[in-house]
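Undergrad: Sequence isn't available, so here's the structure alone:
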């Protein structure tokens, strides 16, 4: 990071001569994620720390997760030497957008941790240029609400969305979310943005079949349409595994 930050600092000095209120930003990403030992960003430099290697299954501040402990060490290092730190966080399965991404349980805790840690802002990347990806509606709802107000209860947000969005199938969808989360936690692995978890297919298939069956008390066609894409993660997992 030393060579990159030297260049960024020199650029920031040149910009400040004509635009003293403008910040020059750079990414602390992969090879440049760890802060330098003796060099500091100039006052008009903003650092955006990327969590691409961090574990999606555990909270960022989980001391028992080695991936996230390393990320937190870098975050604390940058916050000590820079007043303008932002975080680029990942909430997608880059191996396949339709594969399960078992991180719903940590979105809220991660946003609250970053907000309390003094970062200036958070960008959360989900599936890009894709529609009907794995739980995209729920994920986007949670991200937008929590970024606006980190103090919200993420579990209540999930329950609220699932109840209103899926109607009669809400309890089955909730059971599916629990199954995906439990599978990840019991696996004992630490996965970044390209997880390859494979939940029990028979259990998932049974839950999805029950969620799509039976009359909907509201008789709303769009609610049934919302349930139809649900098997995509199961199908994707089958062909990938």
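TA: Nice, thanks for sending it over. None of these values were measured; they are calculated from a predicted model.
Undergrad: For the residue positioned nearest the centre of the chain, give me its contacts.
TA: Nearest to the mean C-alpha position of the chain, counting by C-alpha atoms, centre = their mean, stands residue 91 at 2.6 Å. Contact analysis of residue 91 by C-beta atoms under 8 Å, 6 or more residues apart in numbering lists 56, 101, 103, 107, 124-126, 139, 143. The C-beta positions use only the backbone N, C-alpha and C, and glycine is treated the same way.
Undergrad: all helices for this structure, in order.
TA: Applying DSSP state H to the chain gives helices spanning 2-18, 66-81, 104-116, 136-148, 154-166, 170-187, 201-212, 221-227, 232-240.
Undergrad: Can you list the low-confidence ranges for the protein?
TA: 129-132, 194-241 (pLDDT under 70).
Undergrad: My guess is residue 121 contacts residue 86. True?
TA: Yes: between residue 121 and residue 86 there is a contact at 4.7 Å, judged by C-beta atoms under 8 Å.
Undergrad: Pick out whichever of those two has more residues nearby.
TA: More crowded of residue 121 and residue 86, by other C-beta atoms under 10 Å: residue 86, with 20 against 14.
Undergrad: Surely that one and residue 49 touch.
TA: Yes: if you go by C-beta under 8 Å, residue 86 and residue 49 touch, sitting 7.2 Å apart.
Undergrad: Quickly list what's touching both of those two.
TA: Shared contacts of residue 86 and residue 49, defined by C-beta under 8 Å, 6+ apart, comprise residue 119.
Undergrad: quick check, distance from stretch 41-56 to the centre of its chain.
TA: Taking C-alpha atoms, centre = their mean, to the nearest Å, one finds stretch 41-56 lying 15 Å from the centre of the chain it belongs to.
Undergrad: got the buried residues for it?
TA: Buried residues in stretch 41-56, defined by neighbour count with 16 or more other C-beta atoms under 10 Å: 41-42, 44-56.
Undergrad: next one: stretch 173-183
TA: By 16+ other C-beta under 10 Å, the buried positions in stretch 173-183 come out as 173-177, 179-181, 183.
Undergrad: And stretch 87-95, by the same measure?
TA: If you call a residue buried by 16+ other C-beta under 10 Å, then stretch 87-95 has these buried ones: 87-94.
Undergrad: May I see the contacts of residue 91 organised as a markdown table, with distance to residue 69 added?
TA: Output for these, formatted as a markdown table (distance: C-beta to C-beta, whole Å):
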| residue | distance to residue 69 |
| --- | --- |
| 56 | 15 |
| 101 | 22 |
| 103 | 17 |
| 107 | 19 |
| 124 | 21 |
| 125 | 22 |
| 126 | 25 |
| 139 | 25 |
| 143 | 24 |
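Undergrad: between these, which is closest to residue 80?
TA: Using C-beta to C-beta, residue 124 comes nearest to residue 80 of the contacts of residue 91, at 24.0 Å.
Undergrad: got a list of what that closest one touches?
TA: For residue 124, the contacting residues are 89-91, 107, 111, 143, 147, by C-beta under 8 Å, 6+ apart.
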